[in-house]
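In: any chance you can model this:
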Amino acid sequence: MSPFFVMSLLFGLTFDQTASLCAPSEYIIHVEKRECAYCLAINTTICAGFCMTRDSNGKKLLLKSALSQNVCTYKEMLYQTALIPGCPHHATPYYSYPVAVSCKCGKCNTDYSDCVHEKVRTNYCTKPQKLCNM
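Out: A predicted model of the protein is given here:
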C-alpha cells in the first residue's frame, strides 16, 4: 500500500465527525387524538443529515469498531409538552415531544429514536388544524 493511501485512510477515520452534516433541523409534527376536535401542528427540531459510513469491503483491513454504520441522532435533547385544543374533560389533552438541542453521528438508540424509516406513515392532519409555536 502506498503511504498516501494509508494517510488518507487514517485521516478519514480520525476526522469523520467533522465531515458530517448532522444537525438540528426544523420539523412539524401533526398530532391528533380521536376525542379532540383539532389537530395540532407543532414546530420542533429533529436530528437530520448525513453521517459518514464505511464500506464493509475493507473489513479485513480495518478494526471491527471502524465498520460501524452511523446515523444522525440526538446528542442532547429536551422534552416539551403541548396542549391539544378542543378536548373534552375526560380526555388527556397533553402531548409530549422531543426537541433536538444538538446532534451527533452515532449508533441509533431505539429508546428515543425511530431507527427505521416507515414509508406507510404520514404526517398530516385529518381534523381542523391549530398551530403551536413553542
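In: so in the chain, where's the weakest helix or strand by average pLDDT?
Out: Using mean pLDDT, DSSP states H and E, helix 3-14 stands out as the lowest-scoring helix or strand of the chain, at a mean of 51.
In: next structured bit after it?
Out: Next helix or strand after helix 3-14 toward the C-terminus (DSSP states H and E): strand 23-31.
In: report all helices and strands that that next one contacts.
Out: For strand 23-31, the elements it packs on are strand 39-48, strand 94-106, judged by 3 or more CB pairs under 8 Å, 6 or more residues apart in numbering; DSSP states H and E. Where you see a C-beta, it was placed from the backbone N, CA and C, and this is true even at glycine.
In: closest to Lys130 out of these?
Out: Taking CB to CB, strand 39-48 is the member of the helices and strands packed on strand 23-31 nearest to Lys130, at 5.5 Å.
In: quick one: strands adjacent to the closest one?
Out: strand 23-31 (antiparallel), strand 129-133 (parallel) (DSSP bridges).
In: buried ones in the first one, by neighbour count?
Out: Going by neighbour count (16 or more other CB atoms under 10 Å), the buried part of strand 23-31 is Pro24, Tyr27, Ile29, Val31.
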